[in-house]
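A.B. asks: Following is a predicted model, sequence given first.
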Amino acid sequence: MDFRRVQVGCEFVYSAEIPTPTVFQVKPLGERPVTVTRQHFAVDPEVDSHGYTDLYGNPCLRLILPAGRSSFRYDALVDVPDAAEDADEDAPELAPADLPDEVLLYTLPSRYCLPDMLGDEAWSRFGGMATGYRRVQAICDHVNQHLQFRYGSSTATSTAVDVNTSGFGVCRDFTHLAISFCRSLNIPARYVFGYLPDMDVEPDPAPMDFAAWMEVWLGGRWWTFDPRNNRRRKGRIVIGRGRDASDVAMATTFGAPVLESMRVQAEEVVA
């Protein structure tokens, strides 16, 4: 398998009135075939920190932002396959009784994904389709066409129901809506958050940001689907997985520091 190298990273600049406990979730999981070859983080001014793994297996970093102005930076070099993610149009859905115990969680409502409130629409739109991979792709096609990408069109409290009504959202909203439709049909779907470089695609003129997509359980394994971009891509680098965005926040602060700026990097290293 051929690989390509990607530089990823981020920087957060905060201003805090008091010392503020904070959890950052920006480090790639590094699951094979993706490999993290070098990584470094720094806090200015320097503070103590320690890492831990959350209940979903995601790597997290705990520290206390000092009072005043501070910055957190993370950088890494990551080797990724020179291939898009796997696909199988014949991958079947499993009946709820046949689902593994550990994936049942991803059929239930969560903070932003509301299959109980979108069930009627899901069954009317997709219930008559042949089950399996193609039905999930039809859900992604619909979400991609129904929602218009617009920064600032949703808030930290916007649910899948909210954006379905408004018709606008950002990548996390596309993902929440598609997950909700899948769960309405008893198809396990989980939220994924990470870096997504513009590899072998037309560069996005907007500033680089973190990306969100979903994984769906079909035929005994998880498959990647991307309602926002609605195409298979190269270079996906997973940071974390969970029920929805509430489980994989890039930064969780136990206080109210002001985020002055945020920078995200994800680009191929060209020799």
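C.D. replies: Yes, it's here.
A.B. asks: looking at this, Y112 is in a strand?
C.D. replies: No - assessed with DSSP: H, G, I helix; E, B strand; the rest coil, Y112 is coil; it does not lie in a strand.
A.B. asks: Please name the residues that touch it.
C.D. replies: Applying Cβ atoms under 8 Å, 6 or more residues apart in numbering to Y112 gives the contacts 158-160, 172, 176, 244-246. The way it works is simple: take the backbone N, C-alpha and C, and place the C-beta from them, glycine included.
A.B. asks: try it again with 7 Å
C.D. replies: Taking Cβ atoms under 7 Å, 6 or more residues apart in numbering, we find Y112 in contact with 159-160, 176, 244-246.
A.B. asks: Please parse this structure into its domains.
C.D. replies: 3-82+250-268, 96-243 (automatic domain parsing).
A.B. asks: Next, the distance between the ends of the last one.
C.D. replies: Counting by Cα to Cα, to the nearest Å, the length from the leading to the trailing residue of domain 96-243 is 18 Å.
A.B. asks: So for that domain, mean pLDDT?
C.D. replies: Domain 96-243 shows a mean pLDDT of 96.
A.B. asks: Off-centre distance for it?
C.D. replies: Remark: domain 96-243 is offset 9 Å from the chain centroid, using Cα atoms, centre = their mean, to the nearest Å.
A.B. asks: Quick one, which of the contacts of Y112 are buried?
C.D. replies: Buried members of those, counted by 16 or more other Cβ atoms under 10 Å: 159-160, 176, 244-245.
A.B. asks: Dump the contacts of Y112 to a markdown table, plus secondary structure and distance to A97.
C.D. replies: Converted to a markdown table, the contacts of Y112 look like this (DSSP: H, G, I helix; E, B strand; the rest coil; distance: Cβ to Cβ, whole Å):
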| residue | secondary structure | distance to A97 |
| --- | --- | --- |
| T159 | coil | 29 |
| A160 | helix | 26 |
| H176 | helix | 27 |
| D244 | coil | 25 |
| A245 | helix | 30 |
| S246 | helix | 29 |
